[in-house]
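In: quick one: sequence plus predicted model below, questions after.
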Amino acid sequence: MTTALPEPTDAYADTRTRFLDYLDYYRAAVAAKLDGLSEEQARSSRLPSKWSPIEMAQHLVFMERRWIRWGFLGEQVDDPWGDHDGNDRWTVDPGRRLAEVVEQLLAGGERTRSVVEGAALSDRAAVGGRFPADMEPPTLEWILFHVLQEFARHAGHLDIVRELIDGSVGE
């Protein structure tokens, strides 16, 4: 795999655009790292921590949903922690295919983009979803920064895992 992704380079972009462009960039990097893996490779772990590439991808799907839909919008979502097994381990239903998870990852990005384009970065998250009424919820800017660092960190993890699987390096 030698796909080079175009890194966002608009030095004059506003902060909202920069967040969205970098989220798209890292989401695409994650999808590229998963591209070409067999279902067996996607479900196998090469690490002592035992997480697999499909578990990482599903974690990112749920993480983004927890922060944007359940967190910022305050939507009630089914099983917001469905990527965890109760023992703080990531899990994926054996019947789910990698392509399904990647499709959800990309669809989550479209939803995030529409939410962010309709809000101010200084807007506070809704109360009643992820955030209880007795705390001051974070701003959209804080949430986006957190989601971005999660994607960047885990894209780096997938870089290493993909290299261990088949020697593919780089973006």
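Out: Arrived safely.

In: residue 151 reaches residue 24, doesn't it?
Out: No: in terms of C-beta atoms under 8 Å, residue 151 does not count as a neighbour of residue 24; the distance is 9.7 Å. For every residue, glycine as well, the C-beta is placed using N, CA and C.

In: ok, the two, which is more surrounded?
Out: Remark: of residue 151 and residue 24, residue 151 carries more neighbours, 23 against 18, as counted by other C-beta atoms under 10 Å.

In: list the contacts for that one?
Out: Applying C-beta atoms under 8 Å, 6 or more residues apart in numbering, we find residue 151 in contact with 23, 26-27, 30, 60.

In: next one: residue 111
Out: 68-69.

In: repeat that with 6 Å
Out: Contacts for residue 111 were tallied using C-beta atoms under 6 Å, 6 or more residues apart in numbering; there are none.

In: if we can go back for a sec, looking at the contacts of residue 151, which are in helices?
Out: 23, 26-27, 30, 60 (DSSP state H).

In: buried ones in stretch 26-33?
Out: Along stretch 26-33, the positions that meet the burial threshold by neighbour count (16 or more other C-beta atoms under 10 Å) are 26-33.

In: ignore the last one, stretch 148-164
Out: 148, 150-151, 154-155, 157-159, 161-162.

In: what residue lies at the spatial centre of the protein?
Out: The central residue of the chain, meaning the one whose C-alpha is nearest the mean C-alpha position (C-alpha atoms, centre = their mean), is residue 60 at 3.1 Å.

In: so residue 154: helix, strand or coil?
Out: The three-state assignment at residue 154 reads helix, by DSSP: H, G, I helix; E, B strand; the rest coil.

In: start the count at 30 instead of 1 going forward.
Out: With 30 as the first residue, the last one maps to residue 183.

In: quick one, what contacts it?
Out: residue 85.

In: check residue 49 too.
Out: 142, 145.

In: which secondary structure element of the chain has the lowest mean pLDDT?
Out: Considering only helices and strands, the least confidently modelled element of the chain by mean pLDDT, DSSP states H and E is helix 44-63, at a mean of 94.

In: what helices or strands is the helix or strand just after it leaning on?
Out: Note on helix 44-63: by DSSP states H and E, the next helix or strand toward the C-terminus is helix 68-72. Under the contact definition 3 or more C-beta pairs under 6 Å, 6 or more residues apart in numbering; DSSP states H and E, helix 68-72 sits against helix 82-94.

In: what angle separates the helix it packs on from helix 44-63?
Out: Orientation note: helix 82-94 sits at an angle of 160 degrees relative to helix 44-63 (axes from the mean of the first three to the mean of the last three C-alpha atoms, to 10 degrees).
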